[in-house]
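[1] Give the three-dimensional model of this entry:
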Amino acid sequence: MSTATEKRKPIRIWVDGCFDLMHFGHFNALRQAKAMGDYLVVGVHSDAEIEKNKGPTVMKEEERYAAVAACKWVDEVVPNAPYLTSLEWMDRYNCDFCVHGDDITTMADGTDCYQMVKDAGRYRECKRTQDISTTELVG
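    Numbering: from 1, shown residues only. Down below sits the predicted model:
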């Protein structure tokens with residue numbers, strides 16, 4: 001039986017990424033993700049994970065962790081998040097859903113980084129900001 005004074009469980013959102021050279025596209029994605037829930041947990045990949053799956057970073061991981069932590073929509077930063085997003089990792093931080101942009105992110109072998117959470121119905125998409133990415137900025 002529920003009463004009007006009972007509070008609903010806060011919705012915890014998981015977002016992960018490289019967050020190299022933080023730009024308005026990153027901020028827009030984090031803003032959209034936060035709007036889908038109450039508490040935003042952001043996993044930031046290590047330099048080694050990014051190097052293995054994508055290539056070298058511009059900023060070192062400690063700088064990227066600090067940049068993400070400074071974002072007003074982020075409630076918690078998780079350093080050294082795996083490149084492959086798993087339900088186990090999300091559950092470790094009590095996250096209900098994973099949010100990512102509508103661009104495809106793949107592992108070095110070409111598999112979808114978010115397939116497990118998609119298959120479990122725990123994936124939500126936000127709109128990717130057009131014409132801005134770290135890859136484009138560096139290029």
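
[2] Can you spell out which helices and strands pack onto the helix or strand encompassing residue 41?
    For residue 41, the host element (DSSP states H and E) is strand 39-45. Here strand 39-45 touches strand 12-17, helix 24-35, helix 61-69, strand 76-81, going by 3 or more Cβ pairs under 8 Å, 6 or more residues apart in numbering; DSSP states H and E. Just so you know, the C-beta spots here come from the backbone N, C-alpha and C atoms, and that holds for glycine as well.

[3] where among the ones you listed is the average confidence lowest?
    Ranked by mean pLDDT, the helices and strands packed on strand 39-45 bottom out at helix 24-35, which scores a mean of 93.

[4] which parts of stretch 93-100 are buried?
    95-100 (16 or more other Cβ atoms under 10 Å).

[5] again, but for stretch 24-40
    Neighbour counts over stretch 24-40 (16+ other Cβ under 10 Å) mark 25-26, 28-30, 32-34, 36-37, 39-40 as buried.

[6] So of those residues, which two are at opposite extremes in space?
    Spanning the widest gap among the buried residues of stretch 24-40 are 25 and 39, at 22.3 Å by Cβ to Cβ.

[7] okay, now the residue nearest to residue 27 when sequence neighbours are not counted: neighbour count?
    Closest residue in space to residue 27, ignoring its immediate chain neighbours: residue 71 at 6.4 Å, by Cβ to Cβ, 6 or more residues apart in numbering. Using other Cβ atoms under 10 Å, residue 71 has 18 other residues around it.

[8] Could you pull up the residues touching residue 71?
    22, 26-27, 30, 42 (Cβ atoms under 8 Å, 6 or more residues apart in numbering).

[9] Distance to residue 13 for those - can I get that in JSON lines?
    Shown next, in JSON lines, are these (distance: Cβ to Cβ, whole Å):
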{"residue": "22", "distance to residue 13": "18"}
{"residue": "26", "distance to residue 13": "15"}
{"residue": "27", "distance to residue 13": "15"}
{"residue": "30", "distance to residue 13": "10"}
{"residue": "42", "distance to residue 13": "9"}
